[in-house]
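In: Just the structure for this:
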Amino acid sequence: MPAQKRFKTDYPGVYYIKGKGVPGSGHKVEKIFYISYRKNGKQIQEKAGRQYQDDMTPARASGIRARRIEGKELSNEERRLAEEAKKKAEAGKWTIGRLWVSYKASRPVSKSLGVDEGRYNTFLKPAFENKEPKDLVALDIDRLRIQLLKKKSPQTVKHVLNLLTWIINYGVKNGLCTGPNFHIKKPTVNNIKTEDLTPDQLGRLLKAIDESSNLAVAKMMKIALFTGLRRSEIIKLRWSDIDFGRNFISIRNPKGGLDQKIPMNLEVGEVFDSIPKTEHDGYVFPGRTGEMRTISSQARKIRDKAGLPSDFRPFHGLRHVYASMLASSGQVDMYTLQKLLTHKSPLMTQRYAHLRDEALKKASELAGNIINEAILETSEKAQRAS
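Out: Residues are numbered from 1 along each chain as shown. Modelled structure (predicted):
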């Protein structure tokens, strides 16, 4: 292709060629200005801009040429190389966003991973996606924590900041990045609430359950009371999970992560026996998998009919009742209770420890009373003998 004709201007080192105008601009021909200069012993010729599209003039082009000769402005090639270097540097950075992708890939697919992904996308990504952990400052975390606490519970905010900590720790442990030089402070959470029922309340609740016209929800509540299973775990139960021969219930993909098995007592076995078996996907409660909101509203109606406090959570509350009854009996140790509740950590079971302590105190007092009675009886015998 032959070289295009160059046209000189009144400014040294500035020339132009004639090019086609931009379609729709109304200009058939447009001047394209170039500058020519020597820098570091090298002759440089480069485009300065177009007449209409860039509003370029010979005077402006001359100004650009002067600044580049003086080193006040990078040449087109230097700017391109700088952009490439910047992109390479950015690609090599382990930002929070890049760490999250790798961290997520390292975790097994589960419900908890889906929840964490929602937390990352909603709360962490907007603020930290392009930041490296070493560049974080305490003020960044403080701002996020304060902002979230205005709308979210302390527990939710703690989950979000825990996730940020896990992502950073993943990067540090795998030698991908350097962590921040401060501790990520989480809000204090008071989540040791344990719901319990008096014998009278429990009796009224069982009566309301038996009188409920919603048989499915009524049976689900009984299962929660007799097993301590979570609502989501009950909804996902299939008949193949119920081992009537060995009297065990398999819990698939529980909150704690790994599949679990818990023993099935006589009472819950009778509840399962009373449920008609269908071929609908093998679920114990077919058609209920996507109706958690409806199930909860029906359970609250049963709660209200029994006259229980409005803050009593029908399903999770029954899980607490189950755990409280076992802990207060004094006959179940904390390790066994942890396994029955499928708690991932013993710390989660510790909320019931005070109930077991009370039972142990009563047992200890009983031992003291028995000993005192024995001493008194011996003393009375000695007095009669004398």
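In: so which strand or helix has Q338?
Out: Assigning secondary structure by DSSP states H and E places Q338 in helix 334-341.
In: Now the spatially most central residue of the chain. Nearest residue, chain neighbours left out?
Out: For the chain, the residue sitting closest to the mean C-alpha position, by Cα atoms, centre = their mean, is D116 at 2.6 Å. In this structure, D116 finds its nearest non-sequential neighbour in L163, 5.4 Å apart by Cβ to Cβ, 6 or more residues apart in numbering. No exception for glycine: its C-beta is placed from N, CA and C like everyone else's.
In: For the longest strand along the chain, buried residues please.
Out: Longest strand in the chain by number of residues (criterion: DSSP state E): strand 29-39. Neighbour-count burial for strand 29-39, counted by 16 or more other Cβ atoms under 10 Å, picks out E30, K31, I32, F33, Y34, I35, Y37.
In: average pLDDT across the helix holding Q338?
Out: Averaged across helix 334-341, pLDDT comes to 76.
In: Give the buried residues for it.
Out: Buried-residue list, helix 334-341, by 16+ other Cβ under 10 Å: L337, Q338, L340, L341.
In: need the residues you listed in a markdown table with distance to S379, can you?
Out: Shown next, in a markdown table, are those (distance: Cβ to Cβ, whole Å):
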| residue | distance to S379 |
| --- | --- |
| L337 | 42 |
| Q338 | 46 |
| L340 | 46 |
| L341 | 48 |
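In: Which two of the residues you listed have the greatest separation?
Out: Spatially, the most separated pair among these is Q338 and L340, at 7.4 Å (Cβ to Cβ).
In: Against which helices or strands is the helix holding Q338 packed?
Out: The contact analysis (3 or more Cβ pairs under 8 Å, 6 or more residues apart in numbering; DSSP states H and E) places helix 334-341 against strand 260-263, helix 314-329, helix 346-349.
In: tilt between that helix and helix 314-329?
Out: Orientation check (axes from the mean of the first three to the mean of the last three Cα atoms, to 10 degrees): helix 334-341 against helix 314-329 gives 160 degrees.
In: can I have helix 334-341 written out in CSV, keeping just the CAs?
Out: Written as CSV, here are the backbone C-alpha positions of helix 334-341 (Å, rounded to 0.1, in the frame of the first residue of the first chain):
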residue,chain,number,x,y,z
MET,A,334,-22.4,-33.0,76.4
TYR,A,335,-20.6,-35.1,73.9
THR,A,336,-23.6,-37.3,73.4
LEU,A,337,-25.9,-34.3,73.1
GLN,A,338,-23.6,-32.7,70.5
LYS,A,339,-23.8,-35.9,68.4
LEU,A,340,-27.6,-36.1,68.7
LEU,A,341,-28.0,-32.4,67.7
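In: ok, now which ones touch K339?
Out: K339 is in contact with I262, counting by Cβ atoms under 8 Å, 6 or more residues apart in numbering.
In: and it, how far is that from G228?
Out: As for K339, its distance to G228 is 11 Å (criterion: Cβ to Cβ, to the nearest Å).
In: likewise T57?
Out: From T57 to G228 the distance is 81 Å (Cβ to Cβ).
In: Please identify which of those two sits among more neighbours.
Out: Using other Cβ atoms under 10 Å, the more surrounded residue of T57 and G228 is G228, with 21 against 17.
In: What sits closest to the more buried one if chain neighbours are left out?
Out: Y322 (3.8 Å).
In: isn't the one you found right up against I223?
Out: No - the pair Y322 / I223 is not scored as a contact, 10.3 Å apart, by Cβ atoms under 8 Å.
In: Give the helix, strand or coil label for R60.
Out: The assignment at R60 comes out as helix when based on DSSP: H, G, I helix; E, B strand; the rest coil.
In: tally of neighbours for it?
Out: 16.
In: Go ahead and confirm it touches G49.
Out: Yes - if you go by Cβ under 8 Å, R60 and G49 touch, sitting 7.4 Å apart.
In: what do the two both touch?
Out: Joint contacts of R60 and G49 (Cβ under 8 Å, 6+ apart) do not exist.
In: Name all residues that make contact with the residue nearest to G228.
Out: By Cβ under 8 Å, 6+ apart, the neighbours of Y322 are A224, L225, F226, T227, G228.
In: Many thanks, have a good one.
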